[in-house]
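J.: Sequence first, predicted model second:
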Amino acid sequence: MDSSINVHIIPRLGSRKVNSVTPIVVERFLDELETDGVGRGNQVNIFRVLKAILRDAYGKGAMADDPVKGVQEPEYVREKVVIPPLTSVKKALTAADEDLALEIVMMVGCGLRNGEARAVNINNVVADDVYRVHEQIHSNTHKPAKLKHRRAGEFREVPLPRSVREAMKRYEEKRGTTKEGYLLRGPSGYYTEPMERRRVQKFFKDLPAADGAGMYGFRHYFASNALGSGIPITDVAEWMGHKSIEETYPTYWRLMPGKLQTVRSARMGWLFGRGWAAVGAGVGATTAVRAGVTRRRGGGCRFRLSGRQVVRSSGHQVIRSSGRPASCAGR
């Protein structure tokens, strides 16, 4: 909400008196957003924030007429989910420069959004197999900001494959970090969206996207691997930072067990339990490494899925199974 107000609403409408805002003014405001290339999804969010502010003023008598009466909300058509095939992921990790390759690694391996990947921080590795996501480098302010759908200070934890952790370590050894622990950086101190965009444009010019898959396709790849491996969609929604499962299901329902005909060709057998063969290749890795995936269960027990084994994180017990442990007995 803060970014909608500070970045879009105040610069365009801040000089106006509240009672001078009419439906025509609001429609022109939406036209400006479209002209400036603001995505439809963002336009919807910005309009809803503005609508709430104006309706509140109208309800309190600050405006004589409803300022958004008859104004149509921007239409948001969900984009088709395009998952790049394994060959494209490998090529991308090899062809991208070091900065962009690390960003792709975080998206493919941990399911991070672009802004979250731009904020990759060595201090967020809170366990050998857990990465804590608590901020993003905002695409408009170009500074650290809270996560989407989260309050300031809130975070989520995602599985950290060993290959991703080692790719981060290699990058740190070669390039170092900022004093705050950020791996990616720029002249202002942060790795910003314009820096990413320039690299992405050059990257896709040199290596055309497969079937229209863009940068966000690497995040979709993470979801396809998780769901194709039988991980519950509720867990995937949590890992990806979705507001609710209602956001996850319409996007990825075709990839759920029983709907695998779509994902089989895309994943080409690259599942969690079979090793993350390509992750890290673009930042100096020469060999594939197997990855563990942390799963949290009731009572605070933590298990690691590796291949077809369920391993108690303390190392005291190994349960060979294709499913999940039935209980946390003996913890």
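T.: Right, received. Where do you want to start? Residues are numbered from 1 along each chain as shown.

J.: Next, the contact list for L33, please.
T.: Listed by C-beta atoms under 8 Å, 6 or more residues apart in numbering, the contact set of L33 reads H8, N42, Q43, I46, P74. For the C-beta atoms, the positions are set from N, CA and C on the backbone; glycine is no exception.

J.: Now the host helix or strand of it - C-alpha only, CSV.
T.: For L33, the enclosing helix or strand under DSSP states H and E is helix 23-35. Once non-C-alpha atoms are left out, helix 23-35 reads as follows in CSV (Å, rounded to 0.1, in the frame of the first residue of the first chain):
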residue,chain,number,x,y,z
PRO,A,23,-14.4,10.0,-11.9
ILE,A,24,-12.9,11.7,-15.0
VAL,A,25,-9.7,12.5,-13.0
VAL,A,26,-9.5,9.0,-11.8
GLU,A,27,-9.9,7.6,-15.3
ARG,A,28,-7.1,9.9,-16.5
PHE,A,29,-5.0,8.7,-13.7
LEU,A,30,-5.5,5.1,-14.8
ASP,A,31,-4.7,6.1,-18.4
GLU,A,32,-1.4,7.6,-17.2
LEU,A,33,-0.5,4.3,-15.4
GLU,A,34,-1.1,2.4,-18.6
THR,A,35,0.9,4.9,-20.7
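
J.: how far out from the middle of the chain is it?
T.: When C-alpha coordinates are averaged (C-alpha atoms, centre = their mean, to the nearest Å), helix 23-35 and its chain have centres 29 Å apart.

J.: Just the buried positions in that helix, please.
T.: For helix 23-35, burial by neighbour count (16 or more other C-beta atoms under 10 Å) applies to V26, F29, L30, L33.

J.: In TSV: those residues, plus distance to R198 and pLDDT.
T.: Rendered in TSV, the data for the buried residues of helix 23-35 read as follows (distance: C-beta to C-beta, whole Å; pLDDT from 0 to 100):
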residue	distance to R198	pLDDT
V26	34	94
F29	29	93
L30	28	91
L33	23	88
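
J.: still on that earlier bit, check which residues of the helix or strand following the helix holding L33 are buried.
T.: Using DSSP H and E, the next helix or strand after helix 23-35 towards the C-terminus is helix 40-59. Using 16+ other C-beta under 10 Å as the test for burial, helix 40-59 gives N42, Q43, N45, I46, F47, V49, L50, I53, L54, Y58.

J.: again, but for stretch 228-241
T.: For stretch 228-241, a neighbour-count test (16+ other C-beta under 10 Å) marks G228, S229, G230, I231, I233, V236, A237, E238, W239, M240, G241 as buried.

J.: Which residues are in contact with the residue positioned nearest the centre of the chain?
T.: Residue closest to the mean C-alpha point of the chain, counted by C-alpha atoms, centre = their mean, is R113 at 2.0 Å. With contacts defined as C-beta under 8 Å, 6+ apart, the neighbours of R113 are M107, Q136, K148, R219, G241.

J.: try 7 Å this time
T.: For R113, the contacting residues are Q136, K148, R219, G241, by C-beta atoms under 7 Å, 6 or more residues apart in numbering.

J.: quick one: least confident of those?
T.: Lowest pLDDT among the contacts of R113: K148, with 86.

J.: ok, that residue to D206 distance?
T.: Using C-beta to C-beta, to the nearest Å, we find K148 at a distance of 30 Å from D206.

J.: Is it correct that I46 is in contact with H8?
T.: Yes: with contact defined as C-beta atoms under 7 Å, I46 reaches H8; the gap is 5.0 Å.

J.: Compare K148 and D206 and say which one has the larger neighbour count.
T.: A count of neighbours by other C-beta atoms under 10 Å puts K148 above the other of K148 and D206, at 14 against 9.

J.: Can you classify V158 as helix, strand or coil?
T.: Secondary structure of V158, reduced to three states by DSSP: H, G, I helix; E, B strand; the rest coil: strand.

J.: For it, the count of nearby residues, please.
T.: Residue crowding around V158 was assessed by other C-beta under 10 Å; the count is 24.

J.: Name the helix or strand for A226, please.
T.: Assignment of secondary structure by DSSP H and E places A226 within helix 216-228.

J.: same for that helix, what does it pack against?
T.: Of the remaining helices and strands, those touching helix 216-228 by 3 or more C-beta pairs under 7 Å, 6 or more residues apart in numbering; DSSP states H and E are helix 98-110, helix 233-240, helix 261-267.

J.: Find the nearest non-adjacent residue to V126, please.
T.: The shortest distance from V126 to any non-neighbouring residue, by C-beta to C-beta, 6 or more residues apart in numbering, is to R132 (4.8 Å).
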